[in-house]
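1. only geometry, no sequence info:
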């Protein structure tokens, strides 16, 4: 019998000593449960998303030192763990010291090497370098190592053999992407299965959670196990890690698939826990079926976990939310209220002359429903002071001695209000309250920069900036119905037209709101950002001309004809938002707060961009003139 | 005779049609000068730093279409150019369509393929994936292609043969990094030289300018040409390109080395131009020696070019600089005044009660010296209103019905002043003036976040954020002495103690200034950011203990003992700034404006970071307790 413990540990990125403590604690627990082998995730010691911390030699030394502690602790129980491995005698292609993303197996205080490796550890073979990943920036792959050694990669891929209770078990070592080999022209799993027929496979991962990824993983890994005719164990960490601009949650969701690919064990999402089972009786366990939940349930789970751990990681205990009475700030407030004690949450309403009694009342009702702290700080006096100062200032031309006065347009006054709320009131209030203030921007606004820099585009974290507007509404309903099970977000906040209320033209009581028609623009913008091959006006116009646009975008049929009676209307709208998306919105996103990611393409490190201005292809221009 | 034209063109990233127009114009010019061959830089059509624009299929199609136009124009003159090449039948490892960073040669309206390539173009072999580069994210390398085809990379690397005036010329095709092969274990140049002995080599590049890079390139490429015994031509573009957070200038500096490695032709930095010469008489040209200039000259050239083109690229014609009377804003203003007509530059002084008559007078004198526009907008009334509002606001606890008032500390009031200046006055004034406002932060401040978010940390561009404080002073002197040739930046601004003037404790007239001791901290911080293997407190403390710290950091000897009488003083200071650098400063940099890069490691895409909080290694802790 081989008793295996899957350690779904919380990894703190960039803090090897804390992770080592966690691992030592979990090793003790695994021993208490009579495990023979305990498996930790990829980069369990170092953390995975660390930016250029990998360039700090002393950090690498520290990771190695922590690794030695874990190896020393592998008495009575064998330990598998991920860590950076350093070959101080060799170099990476960037001239820095050689680093591998490595899979270590330790038993009796010593490392056990894979059969055919020149090192006492396995090395990641397939290196993701898309989306938020940049493994190839820091780590030398097994493929490069094989080339350097003048052997085929296939020759280095080999199982580790462990003796437990006088039986030898051979297992295949996979690091995360090694299991996702479809587009690589090389499958480590296939090589192992055909060459060595291991008793089982272990995939250690550090895999950021995004919507739909787990379902896909279950399909892929179940098939891999069945093809190999051997069990496969998947160990992923929990916690949050970030690439600066983009914050990811890690849900763990450890899994054991039997030799027929049946899921027999599944870790609870986002919980640090150990899952213990016997290899030999795995297939006798009840099959696990994972019930599909509504999308908002996954979103709520990811966001509330992400917000909680992000706050913890930056040591922030109190939060201020600017509450306008609108939907985005209401959802943000309801979300933070599940994470913080209500006395640590302060909602503040900041009315100007343009804010309706309706929304002011809704903001207060929301705070009452949440039972949190509440304040009202009007911005009208300060906004008027600012406009007065700007318009009365004398601008001297020191070359010719002339002077002039500037004037503030109503559009400028809108931005002045937004900045007054955030950079003046919220930032000051948050400091005095002893915390930070949130950015409540959604993904549609963020895509086209429908926001004011240093105004509503600011805050310490954008918890909703990876949600389209329809997802914000779904989440609002989910919060009321399934989380709070009462009307916390006032129904009127859900029902009124979304509006910035920054001018007479944005009167919610008259139904005047944002220029965005979310039921269409949500989906149009998604095609710019989230499609694997990103859409541009050329694609959009081609689909429009073919009559397949709504189908391609996934929005409701009939919308395009309803919103845009003529091709000119359609094209004007398309160019307006494309100009924004690839123009000023890029500048705004460069200075925007970190985004809490849930989608398959989040802004930030997962959607790298350059401030190059809008571009239209020749084909687009030709098609446009045909249509007009 | 083979007459060659090196086209040092300005590439507009992400705008293939504009680049194609430039190339067609330069092809005509080359013909007028009887060139047989005209060489354009790497990614001349597409641009190089484009973020994930490479994921837009229609953009790729457009680049191909533009490429066909250039190929068609290769009548009477052969054309070499860089562009993305797409194989629509294959995939990259990310599942997206196959893309190569390619070297095209066209003659008589058709492509000429390298001897041994399966495509009618050469493919980049060595892919940089460090610093600001991420070639491997988007492009399939020649090495991967070779593996896919089951052949050695060496077999695919092969020359192109061109017939000109009834003579055949074979030349080696190199793409940028292909010439920098020291750490790759594979040298395309060596392979070509030993296998094919081409008549000459062409390296097309898109190589961002940083200090010292050209001198290194001349050493490397001169050696390569001499080793090969064949001339080498280097063609780089001019212009600015950016990765969102980091803006690079490209200086061109095209070069022709003869068969002995002697530099015979060198393009003027930052100028779009064509350089024509005859291959056969190259070595008869006068050798070019490039005079070393003071560092400030290079910095001024890069920054003034970068600012000018960045403004042009975002369509900004008018700029506001908050002028405090201090050194950073003075240098920024003097820099912008060289780029903009003086009437389009507005300096604004925003005094509070803490600003001295000294600095207020210096701000005005600076504006007078520049002959630009000038205004004074006091912030005291608004700051007082803000503090009054925050302190008088009633914060209700809606759970228990209690109320409380918050209080604003003097530290909070400092930040309120900074935000009032930037987010309230500068942002509003810039909009009314019809432009943007600058961020004047230097690299030392940026490293440790000695700045206020939405305050002095904001602006549309940080032109000085890649300069250490000593470089800012050097640039100030250079501007007066060598650019303006008169005292534009008042000498007193250079002489007074640098101070934020945000409280009574920061009184310049009493010599009270920043907590940073720049002659030491500039160099300490540089070691955190710019060393190839980044330094951490462990390294610093080891050097301190060994007595080699000043030598390792490159600062003046004796400083450490002078500033820090005891080990405790030293360690307190070290930890204070390390905590800032890897703590709150990361959060600030995430939301900071784009940085104009000049150093070998600039903040942003060249220094990727995660908000993970400060970390101290075990070795550090041991050494620390030994020293205390």
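-> Sure thing, it's come through. Not measured: the values here are computed from a predicted model. Numbers count the residues shown, from 1 in each chain, chains lettered A, B, ... in the order given.
2. CA atoms for contacts and neighbours, from now on please.
-> Fine.
3. chain neighbours aside, what residue packs nearest to whichever residue of the stretch 101-250 of chain A sits closest to chain B?
-> The stretch 101-250 of chain A approaches chain B most closely through residue A:244 (4.3 Å), counting by Cα to the nearest Cα. Leaving aside its sequence neighbours, residue A:244 sits nearest to residue B:610 (Cα to Cα, 6 or more residues apart in numbering or on different chains; 4.3 Å).
4. so the one you found touches residue A:243, yeah?
-> Yes - in this structure, residue B:610 is within contact of residue A:243 by Cα atoms under 8 Å, at 4.8 Å.
5. shared neighbours of these two, anything?
-> Listed as contacting both residue B:610 and residue A:243 by Cα atoms under 8 Å, 6 or more residues apart in numbering or on different chains are A:49-51.
6. which of the residues in the helix of greatest length in chain A are buried?
-> In chain A, with assignment by DSSP state H, the single longest helix is helix A:295-314. Under the neighbour-count criterion of 16 or more other Cα atoms under 10 Å in any protein chain shown, helix A:295-314 has A:296-300, A:302-311, A:313 buried.
7. same for it, what does it pack against?
-> strand A:238-242, strand A:246-251, helix A:327-336, helix A:469-478, strand A:595-596 (3 or more Cα pairs under 8 Å, 6 or more residues apart in numbering or on different chains; DSSP states H and E).
8. how is chain A carved up into domains?
-> Using automatic domain parsing, the domain parsing of chain A gives A:3-292, A:296-514, A:517-628.
9. what's around the residue of the stretch 101-250 of chain A closest to chain B, how many residues?
-> 25 (other Cα atoms under 10 Å in any protein chain shown).
10. do residue A:150 as well
-> For residue A:150, the neighbour count with other Cα under 10 Å is 9.
11. now residue A:486
-> 12.
12. check residue A:271 too.
-> Per other Cα under 10 Å, the neighbour tally for residue A:271 reads 18.
13. OK, contacts around it?
-> A:8, A:238, A:251-252.
14. between those, which is closest to chain B?
-> For those, the nearest to chain B is residue A:238 (15.4 Å; Cα to the nearest Cα).
15. the closest one and residue A:248 touch, don't they?
-> No - contact criterion Cα under 8 Å: residue A:238 and residue A:248 do not qualify, at 10.3 Å.
16. buried sites along the top strand by length along chain A?
-> Criterion DSSP state E: the longest strand present in chain A is strand A:78-91. Residues of strand A:78-91 classed as buried: A:78-86, A:91 (neighbour count, 16+ other Cα under 10 Å).
17. that strand pairs with which strands?
-> strand A:37-39 (parallel), strand A:97-107 (antiparallel) (DSSP bridges).
18. got the contact list for the longest one?
-> Strand A:97-107 is contacted from outside by A:42-43, A:71, A:74-92, A:111-113, A:120-124, A:138-141, A:160, A:162, A:173-175, A:204, using Cα under 8 Å, 6+ apart.
19. now it: average pLDDT?
-> Averaging pLDDT along strand A:97-107 gives 98.
20. of the strands paired with strand A:78-91, which is nearest residue A:542?
-> Of all these, strand A:97-107 sits nearest to residue A:542, with 43.8 Å by Cα to Cα.
21. how near is residue A:50 to chain B?
-> 5 Å (Cα to the nearest Cα, to the nearest Å).
22. pretty sure that residue contacts residue B:615?
-> No - applying Cα under 8 Å, one finds residue A:50 not in contact with residue B:615, separated by 12.0 Å.
23. quick one: common contacting residues for those two?
-> Overlap of the contact sets of residue A:50 and residue B:615 (by Cα under 8 Å, 6+ apart) consists of residue A:14.
24. return the residues of the stretch 51-200 of chain A in contact with chain B.
-> Taking Cα under 8 Å from any Cα of the partner chain as the criterion, the stretch 51-200 of chain A approaches chain B at residues A:51-53, A:55-59, A:62, A:91-96, A:128-130, A:134, A:136-137, A:148, A:183-185.
25. residue boundaries of the strands in the stretch 251-400 of chain A?
-> A:255-257, A:263-266, A:273-278, A:319-322, A:345-349, A:373-376, A:395-397 (DSSP state E, counting those that start in this stretch).
26. would you turn those strands into TSV with mean pLDDT, mean neighbour count and distance to chain B?
-> Shown next, in TSV, are the strands of the stretch 251-400 of chain A (pLDDT from 0 to 100; neighbours: other Cα atoms under 10 Å in any protein chain shown; distance: least, Cα to the nearest Cα, whole Å):
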stretch	mean pLDDT	mean neighbour count	distance to chain B
strand A:255-257	98	28	25
strand A:263-266	98	22	27
strand A:273-278	98	19	23
strand A:319-322	98	26	12
strand A:345-349	98	27	8
strand A:373-376	98	24	4
strand A:395-397	97	22	4
